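Q: Here is my input; please provide its structure:
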Amino acid sequence: MSKKSIILGIESSCDDTSAAILQGKNILSNVVANQKIHQQYGGIVPELASRAHQQNIIPVVDAAIKKANIQKEDIDAIAFTNGPGLLGSLLVGSSFAKSFAIGMDIPLIAINHLQAHILAHFIDEGKATPKFPFLCLTVSGGHTQIVKVESPNDMQIIGSTLDDAAGEAFDKSAKILGLPYPGGPLIDKHAKNGNINTFTFGKPKIKNLDFSFSGLKTSILYKIQDGVKENPDFIKENLEDLCASIQHAIVSILLDKLQKAIKQTGIKQIAIAGGVSANSYFRNQLENLAKKEKFDFFIPKFEYCTDNAAMIAIAGYFKFLDKDFAQQSESPSARLLF
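A: Numbering: from 1, shown residues only. Just a heads-up that it's a prediction; the model follows:
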């Protein structure tokens, strides 16, 4: 296959509609349409998400093709998110991809959203990329897991959350504090001047490399409820310290497990994926841990960390190389296995 092969990537697993054009390993365009409607509800409403995808999908793809300065006839294959995610949202992207593949008579490539997050590291940005084998810690609003990566098509989950994701713990904690959705970035902002040791919360005692955040969320809720009972202005008076303490608790859980995975596997190449990687405290603590444990770590550009079609396109590139194509009968799955 020529390096000049062009892949159209489609991402619609949650509340962002995205299309990207990839040539070789270079991104020519990566267009994302965000859905602001969910903010008033304090979280994502699946039915509203799928309706918004239907409105956005054609304009987003059109914008991606125009921005890349190509014609639709130049596209060699189309890759789409097949799961995991919200089923209604996945159906919009997969239906468009199937129709486009038939209309243009090009191959269809089904992509696992979580594997795409990992492969986003290989988008050509002129920067160093992780060497195989490496460990990837994926931390987002919907997923938290550690994956051992032997090659682009050989990955093994060695640790994952048993309940909630780290990003959800950030967002739900922010909601308890009365901060608007999405609250993760706001916790990061308010935590900058706070004391991480002011408040302590229950820490999960989970064996092996798995995570759990549901108990921590409950501990945070009870701590804040008790504080408000004694002082109605408890949150307002302690917001910075609460945010710093909550952030420290979540990041500590993540990095404790990562450190354990490094010791168990002996692998010193560490990749980070998912939107939580944008958190400044997480990055700072990761850097400190890297110096202590002497490992190399890699984080893609932020636009490739959150949900986006560029990562779907690069994952499609590797499948295109292997001629690993999907049939029109392929159905998206909300709980697609890794």
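Q: Just the mean pLDDT for the longest helix seen in the chain, thanks.
A: The longest helix of the chain (DSSP state H) is helix 234-265. Averaging pLDDT along helix 234-265 gives 98.
Q: by contact count, what packs against that helix?
A: Packing partners of helix 234-265 (3 or more C-beta pairs under 8 Å, 6 or more residues apart in numbering; DSSP states H and E): strand 134-139, strand 144-151, strand 154-160, helix 166-176, helix 184-191, helix 214-230, helix 280-293. For the C-beta atoms, the positions are set from N, CA and C on the backbone; glycine is no exception.
Q: and Ile10, which of these is closest to it?
A: Among the helices and strands packed on helix 234-265, the nearest to Ile10 by C-beta to C-beta is strand 134-139 (20.2 Å).
Q: could you give the angle of the closest one to helix 280-293?
A: 160 degrees (axes from the mean of the first three to the mean of the last three C-alpha atoms, to 10 degrees).
Q: Off-centre distance for the longest helix of the chain?
A: Centroid separation between helix 234-265 and its chain, computed with C-alpha atoms, centre = their mean, to the nearest Å, is 18 Å.
Q: After that helix, heading C-terminal, what element do we hit next?
A: The helix or strand immediately downstream of helix 234-265 is strand 269-273, counting by DSSP states H and E.
Q: I'd like to know which helix or strand in the protein has the lowest mean pLDDT.
A: The helix or strand of the chain with the poorest confidence is helix 46-67; it has a mean of 92 (mean pLDDT, DSSP states H and E).
Q: So what touches it?
A: 8, 10, 12, 14-15, 17-21, 28-33, 35, 37-38, 41, 71-72, 75, 86-89, 91-93, 96, 100, 309 (C-beta atoms under 8 Å, 6 or more residues apart in numbering).
Q: Among the residues you listed, name the buried ones.
A: For the contacts of helix 46-67, a burial check counting by 16 or more other C-beta atoms under 10 Å picks out 8, 10, 12, 14-15, 17-21, 28-33, 35, 38, 75, 86-89, 91-93, 96, 100, 309.
Q: Out of those residues, list just those in helices.
A: Leu87, Gly88, Ser89, Leu91, Val92, Gly93, Phe96, Phe100, Ala309.
Q: Can you tell me what sits against stretch 197-208?
A: Residues from elsewhere that reach stretch 197-208 (C-beta under 8 Å, 6+ apart): 159, 162, 211-213, 215-216, 218-220, 223, 238, 241-242, 244-246, 248-249, 252-253.
Q: can we see that at 7 Å?
A: For stretch 197-208, contacts defined as C-beta atoms under 7 Å, 6 or more residues apart in numbering pick out 159, 162, 212, 215-216, 219-220, 223, 241-242, 245, 249, 253.
Q: Repeat that for stretch 6-13.
A: Residues outside stretch 6-13 that contact it (C-beta under 7 Å, 6+ apart) are 18-23, 53, 57, 70, 74-81, 85-86, 89-90, 92-93, 96-97, 113, 307-310, 312-313, 316-317, 320.
Q: tell me how far it is from the chain's mean position?
A: The chain centroid and the centroid of stretch 6-13 are separated by 15 Å under C-alpha atoms, centre = their mean.
Q: tell me the mean pLDDT over it?
A: Taken as a whole, stretch 6-13 has a mean pLDDT of 97.
Q: How about stretch 23-32?
A: In this model, stretch 23-32 has a mean pLDDT of 97.
Q: Repeat that for stretch 160-176.
A: For stretch 160-176, the mean per-residue pLDDT is 95.
Q: So for that stretch, what gets flagged as buried?
A: 160-161, 163-174, 176.
Q: now, which of the residues you listed sits nearest Ala326?
A: Nearest member of these to Ala326, counting by C-beta to C-beta, is Ser160, at 24.9 Å.
Q: Spatially nearest residue to that closest one (excluding sequence neighbours)?
A: Sequence neighbours aside, Gln145 is the residue nearest to Ser160 in space, at 3.9 Å (criterion: C-beta to C-beta, 6 or more residues apart in numbering).
Q: burial measure for the one you found, as a count.
A: 25 (other C-beta atoms under 10 Å).
Q: surely it meets Ile157?
A: Yes: assessed by C-beta atoms under 7 Å, Gln145 is found in contact with Ile157 at 5.6 Å.
Q: Identify the residue nearest the geometric centre of this protein.
A: In the chain, the centroid-proximal residue (C-alpha atoms, centre = their mean) is Gly274; its distance is 3.1 Å.
Q: Just flag the most distant two among the contacts of stretch 197-208.
A: Once C-beta to C-beta is applied, the contacts of stretch 197-208 give Gly159 and Asp241 as the farthest pair, at 30.3 Å.
Q: Nice, that's everything, thank you.
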